[in-house]
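Peer 1: I'd like to go over a predicted model; first the sequence, then the structure.
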Amino acid sequence: MKLTSDRSGIRLDAYLAEVFEQTTRSAAQRLIESGAVLLGGAVPKKNTVLKEGDLIEITLPKLVETELVPQDIPLDVVFEDDDLIVVNKPVGMVVHPAPGHPDGTLVNALLHYCGNSLSGINGELRPGIVHRIDRDTGGLLIAAKNDFAHQSLAAQLQDHSLYRGYEAIVYGGFREDEGTVDMPIGRNKNDRKKMTVDHRGGRSAVTHWSVLARYNGYTHIACRLETGRTHQIRVHMTAIGHPLVGDTVYGGGKKATFGLPGQCLFARRLTFTHPRSGKITTLEHPLPDWFAHVLTKLGNLL
């Protein structure tokens, strides 16, 4: 992969962690130190600062068995072929095992469903989750079945050609019909479980939004992500004064939740270039019943 001008000046380990969203910076450093990453044909240091035009080559490590346990959990498969699988993740399901959620995750389900057909970007035999969705957000998510597909999709994430379209219901009304929120996001220093707009130490985050429908005190919007920061849409909408309905973390004390299981946010559309065929692939899922129910209630308030 060749570095573009907008990423010039970033450290190599940080860049790899951005390209492969499921890879931490420490994991990227281990990959560099193992000699699996070449910069201009030579083994670089993990803290090397990149410049425009730098050529980065990655040789993925030999796969090792993961300690994660395959679990027979039903999956709503929207699309599948030999290279990738797209599922409709339900609200409440965690993508990766984490403290407090050791199993019952999407990864456990994919390990059972996909068997040995999994990518190994992180050096483990496990599904290559290309991008993330919050536990309490539902919708379309891609997993790569092989390293070729994973690297192709990760590169599309990096150059913003992988389209991720969300729909949300937020508090308040907008004067404009569309706009862009360009605010860096970082970990909240007072609450490590939360994210916040951080103009000093945050990572670049860009969300494009447009109005789909206006209601009395609420707005149905579409959001397109350029970047994939943790809680990005939730943090950005709160930052501009329009927190998501049902968001108990970033909702700013708003009480109207309409009985939602989480924030009113759904990953509805994906568009990407298929790694193997090169064809533009667009997938869309109908809004779930819980989302449509809120729209119906809001329509009755008019």
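Peer 2: Structure received.

Peer 1: rest of the way, CA atoms for contacts and neighbours
Peer 2: Will do.

Peer 1: pLDDT weak spots in this structure?
Peer 2: Judged against pLDDT under 70, the low-scoring parts of the chain cover residues 1-7, 19-27, 60-67, 116-127, 256, 301-302.

Peer 1: and residue 282, that one's in a helix?
Peer 2: No. With the criterion set as DSSP: H, G, I helix; E, B strand; the rest coil, the secondary structure at residue 282 is strand rather than a helix.

Peer 1: how near is it to residue 88?
Peer 2: Computed as C-alpha to C-alpha, to the nearest Å, the residue 282 to residue 88 distance reads 14 Å.

Peer 1: also residue 204?
Peer 2: Summarising the geometry, the distance separating residue 204 from residue 88, computed by C-alpha to C-alpha, is 27 Å.

Peer 1: which one's more surrounded, residue 282 and residue 88?
Peer 2: Neighbour tally, residue 282 and residue 88, criterion other C-alpha atoms under 10 Å: the higher count belongs to residue 88, 20 against 13.

Peer 1: that one bridge partners, please.
Peer 2: Taking DSSP bridges as the rule, residue 88 bridges to residue 140.

Peer 1: isn't it up against residue 142?
Peer 2: No. The pair residue 88 and residue 142 does not pass the contact test of C-alpha atoms under 8 Å, sitting 9.2 Å apart.

Peer 1: quick one, domains of this protein?
Peer 2: When the chain is parsed with automatic domain parsing, its domains come out as 5-58, 64-158, 163-266+292-301.

Peer 1: can I get these in CSV including distance to residue 276?
Peer 2: Listed next are the domains of the chain as CSV, based on distance: least, C-alpha to C-alpha, whole Å:
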stretch, distance to residue 276
domain 5-58, 19
domain 64-158, 7
domain 163-266+292-301, 18
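
Peer 1: mind checking the ones you listed for the one nearest to residue 277?
Peer 2: With C-alpha to C-alpha, the closest approach to residue 277 among those belongs to domain 64-158: 10.3 Å.

Peer 1: how far off centre is that closest one?
Peer 2: Going by C-alpha atoms, centre = their mean, to the nearest Å, the spacing between the C-alpha centre of domain 64-158 and its chain's C-alpha centre is 12 Å.

Peer 1: please enumerate the helices of the chain.
Peer 2: Using DSSP state H, the helices assigned to the chain run over residues 12-19, 25-33, 106-114, 147-158, 232-239, 289-301.

Peer 1: tabulate those helices (TSV), appending distance to residue 79 and mean neighbour count.
Peer 2: Supplementary listing: those in TSV, determined by distance: least, C-alpha to C-alpha, whole Å; neighbours: other C-alpha atoms under 10 Å:
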stretch	distance to residue 79	mean neighbour count
helix 12-19	23	20
helix 25-33	30	18
helix 106-114	13	20
helix 147-158	14	20
helix 232-239	25	22
helix 289-301	21	14
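
Peer 1: format the ones you listed as CSV; extra columns: distance to residue 68.
Peer 2: Listed next are the helices of the chain as CSV, based on distance: least, C-alpha to C-alpha, whole Å:
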stretch, distance to residue 68
helix 12-19, 22
helix 25-33, 18
helix 106-114, 7
helix 147-158, 19
helix 232-239, 28
helix 289-301, 31
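
Peer 1: for residue 223, which of those is the nearest?
Peer 2: Across the helices of the chain, the minimum distance to residue 223, taken as C-alpha to C-alpha, is reached by helix 232-239, at 7.7 Å.

Peer 1: so how far is residue 68 from the closest residue to residue 211 other than its chain neighbours?
Peer 2: Across the structure, with C-alpha to C-alpha, 6 or more residues apart in numbering as the measure, the residue nearest residue 211 apart from its sequence neighbours is residue 221 (4.5 Å). Using C-alpha to C-alpha, residue 221 is found at 37 Å from residue 68.

Peer 1: who has more neighbours, the two?
Peer 2: Counting neighbours by other C-alpha under 10 Å for residue 221 and for residue 68 shows that residue 221 has the greater number, 20 against 16.
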